[in-house]
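Participant: Generate coordinates for the sequence data below:
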Amino acid sequence: FILRLLLAPPLGPLLWPRRSDAMIRKGISATAARPVDLPDDAVPNARVELLPGVGHLPMVEAPETTGKLLLSFTATAADNL
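Facilitator: Predicted coordinates for the structure are as follows:
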């Protein structure tokens, strides 16, 4: 409930840009069933795409948009090789 409250408007859009690397790592670790090693570089040339009204299952909730974003990312990544 508290997490949902903090992520929802009006607080969510204000707090999200102020998140720290440590906060993100702790949040990801909290969702894993076992300890995970999160590399400092994640994916080279990664970008964040926000899909309004979409939760943790973008491939189910917005398959066309998710597919287009993934294809665009892989094409861009292939161009940088």
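Participant: Go ahead and name everything in contact with the helix or strand harbouring residue 74.
Facilitator: Counting by DSSP states H and E, the element that carries residue 74 is helix 63-79. Around helix 63-79, the neighbours that count as contacts under C-beta atoms under 8 Å, 6 or more residues apart in numbering are 44, 45, 47, 49, 51, 54, 58, 59. Where C-beta positions appear, they are placed from N, C-alpha and C, glycine not excepted.
Participant: So the residue nearest the centre of the chain versus residue 71, what's the distance?
Facilitator: For the chain, the residue nearest the mean C-alpha position is residue 48 (6.2 Å; C-alpha atoms, centre = their mean). Shown here: residue 48 relative to residue 71, a distance of 17 Å by C-beta to C-beta, to the nearest Å.
Participant: Also residue 4?
Facilitator: Residue 4 is 31 Å from residue 71, where distance means C-beta to C-beta.
Participant: and if you look at residue 24?
Facilitator: Distance of residue 24 to residue 71, given as C-beta to C-beta: 26 Å.
Participant: what's next to the helix or strand bottoming out on mean pLDDT in the chain, contact-wise?
Facilitator: Ranked by mean pLDDT, DSSP states H and E, the weakest helix or strand in the chain is helix 2-7, scoring a mean of 72. With contact meaning C-beta under 8 Å, 6+ apart, helix 2-7 is reached by 11, 12, 15, 16.
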